[in-house]
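Chemist: need coordinates for the following:
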Amino acid sequence: MSQIASQITRHSILLCNESFASTNEREGSEIARQIVRAMLHRQIKVFFVTHMYDLAHSFHAQQPGNALFLRAGREPGGRRTFKLAEGEPLPTSYGKDSYQRIFGTPAPATAAGHGH
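Modeler: Alright, predicted model coming up:
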């Protein structure tokens, strides 16, 4: 990220796909928040795919007029539509679905009790 930050120019686009996901959510969200703010300050467009609720929610709560928040579509029964729709970030992911599909049993709760 340091190399990108030193070379990216004004009016560029930065694409981030699950950046900082290898750290815990609190620390990853804070690092990402600082980077996104710095890039936006430099007039760089940022596209950020993340499951970090803290990160997405904090930006959504600020209600920036130039931000668009998209979520992957799901039907009421849980079937994925693979369509993106505008929407507020949700405090959960659907990792439990994948776990159950792969292992055939309900996912164990996380230490925080969120199960995602």
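Chemist: report the rounded mean pLDDT for the longest helix that the chain contains.
Modeler: Identified as the longest helix of the chain according to DSSP state H is helix 25-41. The average of the pLDDT scores along helix 25-41 is 93.
Chemist: give me the most central residue, the protein.
Modeler: Nearest residue to the geometric centre of the chain (C-alpha atoms, centre = their mean): residue 50, 1.9 Å.
Chemist: show me the contacts for that residue.
Modeler: Residues in contact with residue 50 (C-beta atoms under 8 Å, 6 or more residues apart in numbering) are 16, 18-19, 21, 32, 56. In this view, the C-beta of every residue, glycine as well, is placed from N, C-alpha and C.
Chemist: which members of those occur in helices, if any?
Modeler: 32, 56.
Chemist: just the buried ones among the contacts of residue 50, please.
Modeler: 16, 19, 32, 56 (16 or more other C-beta atoms under 10 Å).
Chemist: got the residues you listed as CSV, with distance to residue 92 columns?
Modeler: Converted to CSV, the buried ones among the contacts of residue 50 look like this (distance: C-beta to C-beta, whole Å):
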residue, distance to residue 92
16, 21
19, 20
32, 19
56, 12
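Chemist: nearest to residue 63 among the residues you listed?
Modeler: residue 56 (13.0 Å; C-beta to C-beta).
Chemist: measure the closest one to residue 3 for me?
Modeler: Separation of residue 56 from residue 3 (C-beta to C-beta, to the nearest Å) stands at 25 Å.
Chemist: residue 54 too?
Modeler: Taking C-beta to C-beta, one finds residue 54 at 26 Å from residue 3.
Chemist: same deal with residue 98?
Modeler: 33 Å.
Chemist: can you check residue 69 too?
Modeler: From residue 69 to residue 3 the distance is 28 Å (C-beta to C-beta).
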